[in-house]
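A.B. asks: Any chance you could fold what I've pasted below:
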Amino acid sequence: MKKMIVDDMAVAFTKRNQDDFISLTDMAKCKNAEATGLVISHWLSTRYAIEFLGIWETINNPDFNVTEFSNIRIDSGSHAF
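C.D. replies: The predicted structure is shown next:
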């Protein structure tokens, strides 16, 4: 695994086949080193992240349940979500 420096912090990344992967945890540490879980949790609950995950799953997962995901997508961004 290789590392790059972002805002004086090391962020790990790796390459598999032709795809690049970056450590979400390391990126969250740049935002708040004390509470990386909260940073990731907040990011995952945003409507933008939910829409991105839905598109990614639609493209990459032949068993993706589009109907069930639609309910999640509609609720995303609400205070109850």
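
A.B. asks: Output the contacting helices and strands for the lowest-mean-pLDDT helix or strand in the chain.
C.D. replies: Least confident helix or strand of the chain, by mean pLDDT, DSSP states H and E, is strand 2-6 with a mean of 85. Packed against strand 2-6 by the contact rule (3 or more C-beta pairs under 8 Å, 6 or more residues apart in numbering; DSSP states H and E) you find strand 9-16. C-beta: built from backbone N, CA, C; applies to glycine.

A.B. asks: now the angle from the strand it packs on to strand 2-6?
C.D. replies: Strand 9-16 and strand 2-6 meet at an angle of 140 degrees, taking axes from the mean of the first three to the mean of the last three C-alpha atoms, to 10 degrees as the criterion.

A.B. asks: following strand 9-16, which helix or strand comes up?
C.D. replies: strand 19-22 (DSSP states H and E).

A.B. asks: Check which element follows that next one along the chain.
C.D. replies: Using DSSP H and E, the helix or strand that follows strand 19-22 in sequence is helix 24-31.
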